[in-house]
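Chemist: give the three-dimensional model of this entry:
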Amino acid sequence: MAHTVERIALKSPSPGTERFLTVHRFGTQGARPKAYLQAALHADEWPGLMALNHLIPLLSAADKEGRITGEIIVLPYANPIGLSQRLGGSAPGRYAFDGTGNYNRGWPDLAPLAAAHLPDGLPNEEGAAIDSLRRALRAAVADLRQRTESEHWRATLLSLSIDADFVIDIHCDQESLAHLYCHQSHAAIAEGMAESIDIPVVLLEEEAGGFSFDDCNAGVWRRMGGVPGGDGLSMACFGCTLELRGKDDISDALGASDAAGLMRFFALNGLIDGEPGAPKVSAADPYKLEQVDVVECPVAGLLAYQADVGSMVEEGDVIADVIDLGAEDPLTGRTPLVARTSGLFFARADLRLVEPGDTIGKIAGRKPLAHRKVGALLEA
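Modeler: Okay, here's the model as predicted:
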């Protein structure tokens with residue numbers, strides 16, 4: 001089919017107000033493989049908006065040439081609710097003002113809902129089992145409660161993504177190198193993405209926790225053990241959170257480069273016909289999520305970094321000092337924050353006035369860290 005653009009209305013939050021999603025569709029509906037991409041689920045993270053703005057014309061040209069072998073769905077912005085937030089001149093966009101919390105947490109566990117649509121379990125043949133589960137997942141999404149604006153928005157996004165082979169949720173960090181998160185069973189696919197887009201840090205997880213959007217789509221495949229035939233089912237959806245550097249890393253040059261990298265990734269995985277071309281880089285060995293040191297701040301004060309993003313640090317190195325602005329002696333009123341592992345300092349906070357409990361940096365190392373909590377993403 002030709003490139004089409006659909007406008008999906010969301011529930012109106014107030015009289016005289018309308019919000020909608022713009023959905024670009026490429027290829028043939030129902031064809032495989034299917035990819036779903038969205039940007040700015042956290043509506044204060046905008047590099048992905050630029051990347052998809054440059055990707056859509058490339059996909060449109062490929063569609064006209066008949067080179068899209070599967071189906072590709074692109075949402076150039078995923079969260080019009082968050083994008084409308086303004087507070088004191090800033091655009092918060094990470095947490096819903098309606099009290100439902102972080103936009104990328106608490107997505108539904110669709111496993112029990114899908115199981116209700118599989119009274120006889122899954123077929124023994126894997127291809128048939130995958131098709132059956134995809135049908136059940138679509139039905140499960142249709143069963144979701146959609147009374148509020150937020151519930152309707154979440155169900156609408158999932159109705160577009162839940163049966164995809166590839167779900168790419170594009171975010172960014174505050175100040176960081178490009179990195180991505182995905183399940184460890186998809187390490188080879190993640191390596192291809194890293195080589196295509198120039199991503200130096202790949203983080204593999206077994207149980208990320210938090211029920212993020214990508215895990216809602218991909219993780220359900222490993223949570224079907226309670227259904228006859230569900231044990232050992234392969235994860236037929238590659239879901240990833242792609243962090244496109246820091247929040248201020250927005251330019252046409254970066255957007256064009258990211259879009260070209262995504263096109264190579266599509267060709268590599270059979271979504272677009274043609275040679276993928278040479279990779280941008282050779283992918284580095286992936287890191288495990290439990291090997292990432294999350295540097296936290298124990299006190300309030302002014303933050304002075306002693307290490308730059310992208311630098312290699314050693315265990316015990318001072319990453320930053322927190323300055324006690326009320327100290328009698330400014331020269332000694334400092335609390336050092338040290339690395340608890342040796343590795344790559346790949347992300348840091350952009351706020352310089354911090355409070356106790358703030359995360360100020362992330363270091364990807366090569367050893368398990370006892371203080372890390374499984375299933376807490378990089379929040380503990």
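
Chemist: helix or strand for the residue nearest the centre of the chain, just tell me which one.
Modeler: Of all residues in the chain, the one closest to the mean position by C-alpha atoms, centre = their mean is Thr241, 2.1 Å from it. Thr241 belongs to strand 238-246 when assigned by DSSP states H and E.

Chemist: same question, Phe265
Modeler: For Phe265, the host element (DSSP H and E) is helix 252-268.

Chemist: list the helices and strands that helix packs on?
Modeler: On a contact count with 3 or more C-beta pairs under 8 Å, 6 or more residues apart in numbering; DSSP states H and E, helix 252-268 meets helix 47-64, helix 187-197, strand 238-246. Heads up, the C-betas are built off the backbone N, CA and C, glycines and all.

Chemist: what packs against the second one?
Modeler: In this case it means helix 187-197. If you count contacts as 3+ C-beta pairs under 8 Å, 6+ apart, helix 187-197 packs onto strand 179-183, strand 201-205, strand 238-246, helix 252-268.

Chemist: do the same with the first one
Modeler: For helix 47-64, the contact count by 3+ C-beta pairs under 8 Å, 6+ apart identifies strand 20-27, strand 34-39, strand 71-75, strand 166-173, strand 238-246, helix 252-268 as packing neighbours.

Chemist: can you list contacts of the longest one?
Modeler: Defining contact as C-beta atoms under 8 Å, 6 or more residues apart in numbering, one finds that helix 252-268 is touched by 35, 37, 47, 50-55, 58-59, 62, 72, 168, 192-193, 196-198, 244-245, 272-277, 279-280.

Chemist: make a ChimeraX selection of the buried ones in these.
Modeler: Here is the ChimeraX command that selects the buried residues among those (16 or more other C-beta atoms under 10 Å):
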select :35,37,47,50,51,52,53,54,55,58,59,62,72,168,192,193,196,197,244,245,272,276,279,280
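
Chemist: for the spatially closest residue to Gln291 that is not a sequence neighbour, grab phi and psi.
Modeler: Closest residue to Gln291 apart from its sequence neighbours, by C-beta to C-beta, 6 or more residues apart in numbering: Gly365 at 5.0 Å. In terms of degrees, to the nearest 10, the main-chain angles of Gly365 are phi -110, psi -170.

Chemist: again with the one 5 residues further on
Modeler: The phi/psi pair for Ala370 (degrees, to the nearest 10) reads phi -60, psi -30.

Chemist: how much space between it and Asp308?
Modeler: Distance, Ala370 to Asp308, by C-beta to C-beta, to the nearest Å: 27 Å.

Chemist: now swap in Pro57 and tell me
Modeler: Going from Pro57 to Asp308 by C-beta to C-beta gives 35 Å.

Chemist: and what of His42?
Modeler: His42 sits at a distance of 24 Å from Asp308 (criterion: C-beta to C-beta).

Chemist: I'd like the average pLDDT over stretch 153-162.
Modeler: Mean per-residue pLDDT for stretch 153-162: 98.

Chemist: now what about it, what contacts it?
Modeler: Against stretch 153-162 from outside (C-beta under 8 Å, 6+ apart): 8, 10-11, 21, 23, 36, 38, 73, 75, 78-79, 81, 107-108, 110, 134, 137-138, 140-142, 144-146, 167, 213, 216-217.

Chemist: so how many other residues sit close to the nearest residue to Val227 once chain neighbours are set aside?
Modeler: Distances taken as C-beta to C-beta, 6+ apart place Ala115 nearest to Val227, at 4.9 Å, with adjacent residues excluded. Close neighbours of Ala115, defined as other C-beta atoms under 10 Å, add up to 20.

Chemist: for Ala115, phi and psi?
Modeler: Per-residue torsions, Ala115: phi -60, psi -30 (degrees, to the nearest 10).

Chemist: wait, what's in contact with it?
Modeler: So Ala115 contacts 136, 224, 226-227 (C-beta under 8 Å, 6+ apart).

Chemist: how about the residue lying farthest from the centre of the chain, secondary structure?
Modeler: Residue farthest from the centre of the chain, counting by C-alpha atoms, centre = their mean, is Glu328 at 44.6 Å. Secondary structure, DSSP: H, G, I helix; E, B strand; the rest coil: Glu328 is coil.

Chemist: wait, is Asp293 part of a helix?
Modeler: No - Asp293 sits outside any helix when classified using three-state DSSP, being strand.

Chemist: ok, it to Tyr287 distance?
Modeler: In this view, Asp293 and Tyr287 are 11 Å apart by C-beta to C-beta.

Chemist: repeat that for Gly209.
Modeler: 17 Å.

Chemist: so which of the two has more stuff around it?
Modeler: Each of Gly209 and Tyr287 has its neighbours counted (other C-beta under 10 Å); Tyr287 has more, 20 against 17.

Chemist: tell me what the nearest residue to the more buried one once chain neighbours are set aside is bridged to.
Modeler: Nearest residue to Tyr287 in three dimensions, chain neighbours excluded: Ala364, at 4.3 Å (C-beta to C-beta, 6+ apart). Note on Ala364: beta-bridge partners by DSSP bridges are Val292, Leu344.

Chemist: from what I see, Ala364 and Leu204 are in contact.
Modeler: No - judged on C-beta atoms under 8 Å, Ala364 makes no contact with Leu204 at a distance of 11.0 Å.

Chemist: what is in contact with these two at once?
Modeler: Contact with both Ala364 and Leu204 is made by residues Tyr287, according to C-beta under 8 Å, 6+ apart.

Chemist: neighbour-wise, which of those two wins?
Modeler: Just comparing Ala364 and Leu204: by other C-beta under 10 Å the higher neighbour count belongs to Ala364, 24 against 20.

Chemist: now name the helix or strand holding Ser234.
Modeler: Using DSSP H and E, no helix or strand contains Ser234.
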